[in-house]
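[1] 3D, please:
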Amino acid sequence: MIDVWVLLQDSARGLLHGANPYQMTFPGVPRGQDSTCFTYWPGTFLATAPGNWVFGDVRWAEAGCLLAAVTLTAWSAGRRSGWQEPRRLAPATGLALAAAIGVVPATTLVVLQAWTEPILLLGLVGAAVLIDRHPNWAVLPLGLALVSKQYMLIMVPLLAFWPRFGWRRVLATAAVATVVALPWLLLSLQRFQQCTISYFLHEPTPLTSLSLWRCVPEPLRLPLTVAATALAAYVAIRRCPRNGAGFLLAAGATLMVFNAVNKETFTNQWWLAAALITASFALQPHVASAPATGEGEEAGQPQSEQCAHEGAGDEQRRTPAATAGSLGDRRGRQGLGDGVGTGRRRDHREQAADVAPRNR
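    Reported below is the predicted structural model:
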């Protein structure tokens, strides 16, 4: 067990007694880890505390967020593809991909360790579902995700230039996050800044970090992180589909690049990137156009029988033209016969006229 579970459990109990998590200490934290600070933003203990209050463990709330994210993805995938289309692969494919979010490698570990990424997943999936039809409402789940983990700040440039979101909604998202964090900022601004910002800036690079940070020369580390993340966001904005599914794909790809060069990257952050990309495939609109059978066959109908129907249809379509052609041919032959008869009658009259003078 790592420090996150202890931090969240003790914070939930402290909130019940009116304590400020940023002014608490956490003696139950394993040796070698910091026990003097709550190092995350307020959204984490606000979202997980009900799990402790009701069931005695914050991980129940995180498991609920994961289940809600999977359910929301499945529902949205089914709605986009059409539940009433039994001959389409889309509902089954979308459901399978949504279920895959729950079995992405390390999912069980994420929940057992009380990592808070399921909260971020639920917020981003909720935003993706809303961003297509109700982008103004998308600021609410995004704001809650933004106020939960510090590295969610990398989503701000992505959202600012996302065609269906933009700077105004980014400001609204920041306002939502500020409203949630404001009570804790007012209670102890210095302590908040010390535990959630300075702590990570001055902490030595952990040996367990799953990134390239330690492999890069020290003067280039921060510039490389900023440049690589910005480039990833730019490419994602340019190349990803301009819809909710594309937003999840862009967010997952950007986060993956950030994880590769960040100072502190662990299994939970890689898991979130994989879950976002999986959810994006579940919501892709092109899945809805995939037929359940081959292009040359309709569902439940042999190809030969279908071709016979098509041939009959072609015959019916050709009948008017063929009838018109037959009538034209008959008229042409009749006209030709009329012309020949007329010419013969004219010749007889001319011969009679020639014979008449000779008789006179």
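
[2] I'd say residue 60 and residue 49 touch.
    No - in this structure, residue 60 sits apart from residue 49 without contact. The criterion is Cβ atoms under 8 Å, and the distance is 11.1 Å. C-beta here means a position set from N, CA and C on the backbone, and glycine is covered the same way.

[3] higher neighbour count, the two?
    For residue 60 and residue 49, the more surrounded residue by other Cβ atoms under 10 Å is residue 49, and the numbers stand at 21 against 16.

[4] Check whether that one sits in a helix, strand or coil.
    For residue 49, the reduced secondary structure class is helix; criterion used: DSSP: H, G, I helix; E, B strand; the rest coil.

[5] Next one: it, what pLDDT does it get?
    According to the prediction, residue 49 has pLDDT 97.

[6] Could you tell me which residues make contact with it?
    8, 11-12, 15, 58, 61 (Cβ atoms under 8 Å, 6 or more residues apart in numbering).

[7] Can you flag which of those belong to helices?
    Secondary structure assignment (DSSP state H) places 8, 11-12, 15, 61 from the contacts of residue 49 within helices.

[8] any idea how far residue 265 is from residue 110?
    From residue 110 over to residue 265 the distance is 14 Å, taken as Cβ to Cβ, to the nearest Å.

[9] Sorry, wrong one. I was asking about residue 234.
    Using Cβ to Cβ, which is the criterion applied here, residue 234 is 21 Å from residue 265.

[10] Which one of these two is surrounded by more residues?
    More neighbours sit around residue 265 than around the other of residue 234 and residue 265, counting by other Cβ under 10 Å; the figures are 22 against 14.

[11] Geometric centre of this protein: which residue is closest?
    For the chain, the residue whose C-alpha lies nearest the mean C-alpha position (Cα atoms, centre = their mean) is residue 245; its distance is 2.2 Å.

[12] Out of the contacts of residue 49, give me the one that has the most neighbours.
    Highest neighbour count within the contacts of residue 49: residue 8, with 29 neighbours (other Cβ under 10 Å).

[13] shouldn't it be in contact with residue 44?
    Yes - between residue 8 and residue 44 there is a contact at 6.8 Å, judged by Cβ under 8 Å.

[14] Tell me the residues that contact both of those two, please.
    With contacts defined as Cβ under 8 Å, 6+ apart, the residues shared by residue 8 and residue 44 are residue 116.

[15] Just the C-alpha atoms of stretch 256-273, please, in CSV.
    Output of stretch 256-273 as CSV, limited to C-alpha atoms (Å, rounded to 0.1, in the frame of the first residue of the first chain):
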residue,chain,number,x,y,z
MET,A,256,0.9,9.6,-23.3
VAL,A,257,3.5,11.9,-24.7
PHE,A,258,3.5,13.9,-21.4
ASN,A,259,3.9,10.8,-19.4
ALA,A,260,7.0,9.8,-21.5
VAL,A,261,8.9,12.9,-20.6
ASN,A,262,7.4,14.0,-17.2
LYS,A,263,9.3,14.1,-14.0
GLU,A,264,7.0,11.8,-12.1
THR,A,265,5.0,9.2,-14.2
PHE,A,266,3.6,6.1,-12.6
THR,A,267,1.3,3.2,-13.6
ASN,A,268,-1.8,5.2,-12.9
GLN,A,269,-1.0,7.9,-15.4
TRP,A,270,-0.2,5.3,-18.2
TRP,A,271,-3.5,3.5,-17.3
LEU,A,272,-5.5,6.7,-17.7
ALA,A,273,-4.0,7.4,-21.2
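
[16] Nice, that's everything, thank you.
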